[in-house]
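Q: sequence and predicted structure below; questions after.
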Amino acid sequence: MKVSTRRSFFRYMALLGLVTFSATPLYAKAPKDKVKYQDQSHDAQQCSTCTYYIPEKKECRLVEGTIEPYGWCTLYFKKQK
């Protein structure tokens, strides 16, 4: 009797783990204050020249909220040509 109860428990736990993993986003965007986002550029660095900036949506792949093309944050990474 204990074997079937034990098997049921492990099946349930495995299923619960799969459901939890599939329902959890693989990444989350960082809040603006954590990455020191500002609406003006930092020297020659600005969001419009960053790899993570999506100009059509005025969004960033890493930072939450609306992002200005002339903004800047600590996650800035220059777009490669």
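A: Yes, it's here.
Q: in the chain, which spans are helices?
A: For the chain, the helices defined by DSSP state H cover 2-23.
Q: pLDDT-wise, which helix or strand of this structure ranks last?
A: Least confident helix or strand, the chain: helix 2-23 with a mean of 73, by mean pLDDT, DSSP states H and E.
Q: run through this structure and note the low-pLDDT ranges.
A: Residues of the chain meeting the criterion pLDDT under 70: 1-4, 18-26.
Q: again, 80 this time
A: Filtered on pLDDT under 80, the chain yields the residue ranges 1-4, 16-27, 81.
Q: now the strands for it?
A: With strands called from DSSP state E, the chain shows them at 53-54, 59-60.
Q: would you mind finding the most buried of those strands?
A: Compared across the strands of the chain, strand 59-60 shows the largest average neighbour count, a mean of 20 (mean count of other CB atoms under 10 Å). No exception for glycine: its C-beta is placed from N, CA and C like everyone else's.
Q: contacting residues around it?
A: With CB atoms under 8 Å, 6 or more residues apart in numbering as the contact definition, strand 59-60 has outside contacts at 29, 47, 50, 52-54, 66-67, 73, 75.
Q: try stretch 62-74
A: Contacting residues not belonging to stretch 62-74 are listed as 29-32, 35-42, 45-48, 52-53, 55, 58-60, 75 [CB under 8 Å, 6+ apart].
Q: about what we covered before: and the buried ones among the contacts of strand 59-60, selectable in PyMOL?
A: Written as a PyMOL command, the selection of buried residues from the contacts of strand 59-60, which uses 16 or more other CB atoms under 10 Å, is:
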select buried, resi 47+50+52+53+67+73+75
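Q: tell me the contacts of residue 58?
A: Counting by CB under 8 Å, 6+ apart, residue 58 touches 66-69.
Q: let's see 6 Å
A: Going by CB atoms under 6 Å, 6 or more residues apart in numbering, residue 58 touches 66-67.
Q: could you report the distance from it to residue 14?
A: From residue 58 across to residue 14, the span is 42 Å (CB to CB, to the nearest Å).
Q: one more: residue 39?
A: 48 Å.
Q: before we move on, what about residue 61?
A: 33 Å.
Q: please consider this matter closed, and thank you.
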